[in-house]
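K.L.:
Sequence first, predicted coordinates after that:
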There are 2 protein chains.
Amino acid sequence: VSPAGGGRGPCSSSQRLLNYSDALISIIATVMILPVAHTKMEDDEQLRQSFQLLLTTKIAVYLMTFLIVTVAWAAHIRLFQVIVYVDDCLALLNLACMMIITFLPYTFSLMASFPDNGLGLLLFCGSVMIIGLIQSGIVLYAFSRPVLLSDQIQMSENRSSYKHHILKVIMRVPIMCFFASVISFVFFQLSYALLAVVVFLPYISQGVKWCRSKAIGHVDESPDAMLFSSFLPSEALSKERVEAFSDGVYAIVATLLILDICEDNVPDPTAVKKTFGGSLVAALQVYGPQYLAYFGSFATVGLLWFVHHSLFLHVTRTTRLMGLLNTFSLAFVGGLPLAYQLTQEFPRNSRNELEAVQISCVIVFFAGIFQLSIFVVALFSQQETLHPHVRHGGREHVFMLAKLALYPCVALTTFVLTCFLTKFSASIFHLMEVTVPLAFLVLRLSVRLGLAALRHVFCPEA
Amino acid sequence: VSPAGGGRGPCSSSQRLLNYSDALISIIATVMILPVAHTKMEDDEQLRQSFQLLLTTKIAVYLMTFLIVTVAWAAHIRLFQVIVYVDDCLALLNLACMMIITFLPYTFSLMASFPDNGLGLLLFCGSVMIIGLIQSGIVLYAFSRPVLLSDQIQMSENRSSYKHHILKVIMRVPIMCFFASVISFVFFQLSYALLAVVVFLPYISQGVKWCRSKAIGHVDESPDAMLFSSFLPSEALSKERVEAFSDGVYAIVATLLILDICEDNVPDPTAVKKTFGGSLVAALQVYGPQYLAYFGSFATVGLLWFVHHSLFLHVTRTTRLMGLLNTFSLAFVGGLPLAYQLTQEFPRNSRNELEAVQISCVIVFFAGIFQLSIFVVALFSQQETLHPHVRHGGREHVFMLAKLALYPCVALTTFVLTCFLTKFSASIFHLMEVTVPLAFLVLRLSVRLGLAALRHVFCPEA
């Protein structure tokens, strides 16, 4: 462990810089749910209308911006797979880049509040272009001091062709944003569509390449193709950074509700004196549902993290598709505080409460089902992506499946039950929250018993 | 890299569990500044009175709770230096522990709003006692499955004496909290004092031990003393976890202001139509100072992180004293959003603005000076704690000192300047923000020039 990078002078391993960047990006991707969650809502039978009219656009923009921030993050990963040592200048450039990235949520808020005004979109595109310029600056600086680059590139003879390739990849998104901002002056529904394309660009270009190779036969890859691997979209993401980013999202989401509780649920001293005769306990009892919502959301997020942790313990390599599914799962996890805030906002047994509970179930279901699909996708190339224990026939395989399937199943059951037993929807939901942690504890036992029972039924001799 | 812990069955390295815990604890330690920062303030000459009366108590409680959360975190570090592998049950117990820790800020908010009501204190003590019970549960569970313990303890013969020692150390703080809650029914200024003692307990007990050894001569340490090392207060903290915790605090603090901006500084569509004739640009210009405050605070926090990063790159071992100084530094960093929010809240050239700028300078000064003191303390035992490059006479020594001294010096200069040039206080402050990042870039050059000049003056022959 050589802190100053051996003979590299004042440059050093980029590990901590990356951790800090991951923390910042995960916070920023997630806090965008706040303007959505704090949208004022009517207390009676208007949830359906107001929710569908106002929130649908906001939620769509939240999801889109979550994806765009994760695209910026994926670009950051690939960039620092090439640049593996940092010096002071690079660290400062990276901080500048982070500063602009953290400004993205605000442009998102403007877009959500003024969907018909192009300014939010322009600011967003402007930020993305500045980020692109700073990242190009990082690349140019790093290639001017090759000691910072990964060994593979440092040794390579055609370093400058690398540089051009990387710059091309980095500038793709900013250039699309430039076009989007130009188009926004004319017809800006199209610019939103263009931004949506940006998110799926790596997958689209991959698809085009695949189609072309099918159409005109196998095209000889340039001999450098292998060397460019860390900048090809099919290349695996760094597993450590996927974990760090996910940890950041789970940690922020788990604590978002306590932020609100600390701000809004401390009663006013004068109000306590007037309304509750000075009894703080009586004043706090009013907030009972909020505390329940907090502990419920923390438990759900914590257990989803626990499932994620169990899964990635056995993942040895993260493909881009697994990364995308993980992003989708995280986007739904980010919606959890919204869902839980809804469940405690409406009077017992109202139609609104029922819908809020059902929305929570849907969000939990999708967060869980995308986690499950990471595992299912990994199983298709299990030799490269999974630890032997959880592959088909491994001793942890069934247990891992059961763990991953628990939340989708529970959410689905709760949803169906609330459709029939509408009166008890909130009770059913809270019961679900309490039983799931216990379910994880008894899961191992029940899987073992289930397997033994199956074995007993199908091959009683063995 | 054996993800399933080799032959350990379904248990695994605790690395990611610790990262997630660090993220949660750092968020919780920091968000407590929010109720302080959002205290409504009068817009005229009453800052001095309202600030001193209302905020002083709140800030004191914020600092105290920051320290208490970091004590919980230090206990968590020591606990997981003994337990180095985790299984599902331990992970779930740890999540339960985290859930209670994240509830601490709310009890803090209650204490701050109702300093004369014992309920906040009771809830706080209750939470700490529950945390103690869960941690004891973790210890008992881990010792019942020795495969989870560190190799050193696993091999040891007197495992049960370990267990008792660790349980004793863990239960110390909860038991003090129990007494504090009992006392609070009688006389609760005393309970607050008792809680303050809790924070410094490790240092007090260390001091008592030292005094006793001086008074009655050298006491033979029990032969196991060395083995208990990871539970002795003089033992070093894990450097990785200090870094992870600091990263979390810096990341949250850097983004706290954008949270507020996303919530509060998006103009209302109807207001834009009425007041600004539909011009969004005009409506946004009103928020100019807020954007400046955001970028200023992000830059300052980012650069303080940068200094911290440079320092810990060359730290090889973190003693408890260095950890404490780091905590103090972070507590002031946590106050930065408050300071920057103040600077943009008051009209130009008011007395309030001047005081807000000066408060910002004081906070930046202390954040920087505690960072500097980490290095100074480390120099006293430089053989164990520092990389050769930055020791006395090392080639990076002067540069590191200059980096660490930059923020304290700049803050002090700004403070003195604003005392004389009161009219330009805000301009001076914003100029400072802009020049500091550049200062870091030219620092290396100027240190080199300075050293060359000194050499030229004092030993012109060399």
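P.N.:
The structure has been received and is ready for your questions.
K.L.:
ok, and the closest non-adjacent residue to the spatially most central residue of chain A?
P.N.:
Geometric centre of chain A, nearest residue: A:Leu330, 3.2 Å, by CA atoms, centre = their mean. Closest residue to A:Leu330 apart from its sequence neighbours, by CB to CB, 6 or more residues apart in numbering or on different chains: A:Val249 at 4.8 Å. C-betas here are computed from N, CA, C, even on glycine.
K.L.:
Which strand or helix spans that neighbour?
P.N.:
Using DSSP states H and E, the element containing A:Val249 is helix A:239-264.
K.L.:
and whichever residue of the stretch 151-300 of chain A sits closest to chain B, what is it in contact with?
P.N.:
Closest approach between the stretch 151-300 of chain A and chain B, counting by CB to the nearest CB: A:Ala251, at 3.7 Å. Each residue near A:Ala251 by CB atoms under 8 Å, 6 or more residues apart in numbering or on different chains is listed here: A:Ser26, B:Tyr20, B:Ala23, B:Leu24, B:Ile27, B:Gly248.
K.L.:
Pick out whichever of those residues sits closest to A:Leu311.
P.N.:
Checking the contacts of A:Ala251 against A:Leu311 with CB to CB, the nearest one is B:Tyr20 at 14.1 Å.
K.L.:
I'd guessed that closest one sits against A:Gly302; true?
P.N.:
No. Using CB atoms under 8 Å, B:Tyr20 is not in contact with A:Gly302, being 9.0 Å away.
K.L.:
Identify the contacts common to these two.
P.N.:
With CB under 8 Å, 6+ apart as the test, B:Tyr20 and A:Gly302 both reach A:Tyr250.
K.L.:
who's more crowded, these two?
P.N.:
B:Tyr20 (28 against 24; other CB atoms under 10 Å in any protein chain shown).
K.L.:
who's in contact with that one?
P.N.:
Counted by CB under 8 Å, 6+ apart, B:Tyr20 has contacts A:Asp247, A:Tyr250, A:Ala251, A:Trp305, A:His309.
K.L.:
tell me the two of the residues you listed that are most distant?
P.N.:
Going by CB to CB, the pair spanning the contacts of B:Tyr20 furthest: A:Ala251 and A:His309, at 12.3 Å.
K.L.:
what's the distance between the strand or helix carrying A:Ile100 and the middle of its chain?
P.N.:
Assigned by DSSP H and E, A:Ile100 belongs to helix A:88-113. Here helix A:88-113 is found 17 Å from its chain centre; the criterion is CA atoms, centre = their mean, to the nearest Å.
K.L.:
Quick check: which ranges of the stretch 301-450 of chain A have low pLDDT?
P.N.:
A:346-349 (pLDDT under 70).
K.L.:
for chain B, what are the nearby residues on it?
P.N.:
Applying CB under 8 Å from any CB of the partner chain, we find that the stretch 301-450 of chain A lies next to chain B at A:302-303, A:305-306, A:309-310, A:312-316, A:387, A:389, A:396, A:399, A:437, A:440-441, A:444.
K.L.:
swap in the stretch 51-200 of chain A?
P.N.:
Checking the stretch 51-200 of chain A against chain B by CB under 8 Å from any CB, the hits are A:88-89, A:91-92, A:95, A:98-99, A:102-103, A:105-106, A:108-110, A:113-114, A:117, A:119.
K.L.:
Can you show me the strands along chain A?
P.N.:
A:12-13, A:85-86 (DSSP state E).
K.L.:
Could you check how far the residue nearest to the centre of chain A is from A:Phe380?
P.N.:
Note on A:Leu330: its distance to A:Phe380, by CB to CB, to the nearest Å, is 22 Å.
K.L.:
same question, A:Pro408
P.N.:
A:Pro408 is 19 Å from A:Phe380, by CB to CB.
K.L.:
who has more neighbours, those two?
P.N.:
Applying other CB under 10 Å to A:Pro408 and A:Phe380 shows that A:Pro408 carries more neighbours, namely 19 against 9.
K.L.:
need the contact list for whichever residue of the stretch 301-450 of chain A sits closest to chain B.
P.N.:
Among the residues of the stretch 301-450 of chain A, A:Gly302 lies closest to chain B, at 4.3 Å counting by CB to the nearest CB. Listed by CB under 8 Å, 6+ apart, the contact set of A:Gly302 reads A:Tyr250, A:Ala254, B:Leu95, B:Met98, B:Met99.
K.L.:
can you check A:Asn19 too?
P.N.:
Contacts of A:Asn19 (CB under 8 Å, 6+ apart): A:Ala244, B:Glu243, B:Ala244, B:Asp247.
K.L.:
rewinding a little: out of the contacts of A:Gly302, who has the most neighbours?
P.N.:
Most surrounded of the contacts of A:Gly302: other CB under 10 Å gives A:Ala254, at 30 neighbours.
K.L.:
pLDDT score assigned to that residue?
P.N.:
A:Ala254 is assigned 85 on the pLDDT scale.
K.L.:
now do A:Glu243
P.N.:
88.
K.L.:
ok, it touching A:Val315?
P.N.:
No. A:Glu243 lies out of contact with A:Val315 (CB under 8 Å); the separation is 9.2 Å.
K.L.:
Contact partners for A:Leu325?
P.N.:
By CB under 8 Å, 6+ apart, the neighbours of A:Leu325 are A:Phe370, A:Ser373, A:Ile374, A:Val377.
K.L.:
For the first one, grab the count of nearby residues.
P.N.:
Same thing as A:Phe370. The local packing of A:Phe370 (other CB under 10 Å) involves 20 other residues.
K.L.:
cool, and the second one?
P.N.:
Per other CB under 10 Å, the neighbour tally for A:Ser373 reads 18.
K.L.:
hey, where'd the helices end up in the stretch 301-450 of chain A?
P.N.:
Using DSSP state H, counting those that start in this stretch, the helices found in the stretch 301-450 of chain A span residues A:320-334, A:336-343, A:351-380, A:382-385, A:397-420, A:425-458.
K.L.:
now, of those helices, which is deepest in the fold?
P.N.:
helix A:336-343 (a mean of 25; mean count of other CB atoms under 10 Å in any protein chain shown).
K.L.:
Who are the packing partners of it?
P.N.:
Counting contacts by 3 or more CB pairs under 8 Å, 6 or more residues apart in numbering or on different chains; DSSP states H and E, helix A:336-343 packs against helix A:33-37, helix A:239-264, helix A:288-313, helix A:351-380.
K.L.:
so A:Thr316 sits right up against A:Gln382, yeah?
P.N.:
No. Checked against CB under 8 Å, the pair A:Thr316 and A:Gln382 is beyond contact range at 9.7 Å.
K.L.:
residues in contact with stretch A:370-388?
P.N.:
With contacts defined as CB under 8 Å, 6+ apart, stretch A:370-388 is touched by A:304, A:307-308, A:311, A:313-319, A:321-322, A:325-326, A:328-329, A:332, A:390-392, A:394, A:400-401, A:404-405, A:407-408, B:3-4.
K.L.:
Please repeat the previous calculation with a cut-off of 6 Å.
P.N.:
Stretch A:370-388 is contacted from outside by A:307, A:311, A:314, A:316-317, A:321-322, A:325-326, A:328-329, A:391, A:394, A:404, B:3, using CB atoms under 6 Å, 6 or more residues apart in numbering or on different chains.
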